[in-house]
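**Q** Below are the sequence and a predicted model; questions follow.
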Amino acid sequence: MAPTGEISGTVLEDHSTRLDNICAMANINITYVGLDGEVRSDMSETGKYGQTYIGPAAGILVHVRSRDTGEPTACTLPLTTNSTADHKLPVSEPWIALIKRGECDFAEKVRHALRYNASAVLIYNHLESPNLDKMSIPADL
């Protein structure tokens, strides 16, 4: 069984009534088969998202890389993965792009993943910090 994930969010407000401080928090649930053959389910840390579409998504979780640079930031096309034997993204079935933060803006990462038919995009932090910045992604994406 390939890893699958589910993303959902709840709109929260950051100690202010100003619209620019509204964000959504998300808990990530991942189900997978361990090396011992046992099905496992883990819930990850909370993510913090800006004012764009936030809703449930499910599919195979795929760690995305830029083919030419090997970087997991998805800033340079074409995209590929080391998660599959043929390094191809599963564009014909629901999948969630797992992308490292940094190197380019959030919108570019999302655009690149959507170009390969990703059902959702999960961007993980590249810094060791408990503080999360709110993502800024255009609403028309």
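**A** Done, it's in.

**Q** Now do the contacts for residue 120.
**A** Going by CB atoms under 8 Å, 6 or more residues apart in numbering, residue 120 touches 7, 57, 59, 96-97. Every C-beta, even on glycine, is put in place using the N, C-alpha and C of the backbone.

**Q** Tell me the one of those nearest residue 72?
**A** The shortest gap between residue 72 and any of these belongs to residue 97, at 10.3 Å (CB to CB).

**Q** surely that closest one meets residue 124?
**A** No. Contact criterion CB atoms under 8 Å: residue 97 and residue 124 do not qualify, at 10.9 Å.

**Q** more neighbours, the two?
**A** residue 97 (26 against 14; other CB atoms under 10 Å).

**Q** element containing residue 60, please.
**A** If you go by DSSP states H and E, residue 60 is part of strand 57-66.

**Q** what mean pLDDT does whatever helix or strand comes next after that strand have?
**A** As assigned by DSSP H and E, the chain's next helix or strand after strand 57-66 is strand 79-81. Strand 79-81 carries an average pLDDT of 94.

**Q** who does the following helix or strand past strand 79-81 pair up with?
**A** Counting by DSSP H and E, the next helix or strand C-terminal to strand 79-81 is strand 95-100. Note on strand 95-100: by DSSP bridges, its sheet partners are strand 57-66 (parallel), strand 120-124 (parallel).
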